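Q: next one to model:
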Amino acid sequence: EVQLVESGGGLVQPGESLRLSCAASGVTFDDYIMSWIRRAPGKGLEWLSTITWNSGRISYADSVKGRFTISRDVAKNTLYLQMSSLKSDDTAVYYCAVQVGDYNPKRQYDYWGQGTQVTVSS
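A: Sure, this is the predicted structure:
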């Protein structure tokens with residue numbers, strides 16, 4: 001059974017940094033990608049970043065490029081999202097998700113975590 005558990009969310013002030021973690025278990029596929037996705041209050045899901053687990057290939061949404069950094073620790077089966085220069089617009093629930101096989105942005109994700117709340121406010 002695949003389980004994804006996010007952590008690291010909280011309340012921060014504008015301009016501050018935060019690092020989210022996503023601990024994965026039961027992910028035993030030959031290859032897969034992991035993404036960070038968020039949902040701001042009253043808005044839809046917004047894709048932020050994706051990393052191919054085996055190759056480490058990375059992509060970012062323009063809205064976070066240069067401010068957010070995705071990474072992974074293969075030994076710990078953990079995904080990270082380092083967020084800097086946070087703005088009030090970054091307030092959202094942040095999810096990690098897994099898509100099995102090659103990345104296809106038009107296909108739904110196979111597994112989701114429960115999400116972690118990030119609130120950016122002075």
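Q: gap between the residue nearest to the spatial centre of the chain and residue 122?
A: The residue lying closest to the centre of the chain (C-alpha atoms, centre = their mean) is residue 36, at 2.1 Å. According to C-beta to C-beta, to the nearest Å, residue 36 and residue 122 sit 24 Å apart. For the C-beta atoms, the positions are set from N, CA and C on the backbone; glycine is no exception.
Q: quick check: the residue nearest to the centre of the chain touching residue 70?
A: Yes. Residue 36 is in contact with residue 70 according to C-beta atoms under 8 Å; the separation is 6.3 Å.
Q: now do the shared contacts for the two.
A: Common contacts of residue 36 and residue 70, defined by C-beta atoms under 8 Å, 6 or more residues apart in numbering, comprise 48-50, 79, 81.
Q: beta partners for residue 92?
A: residue 118 (DSSP bridges).
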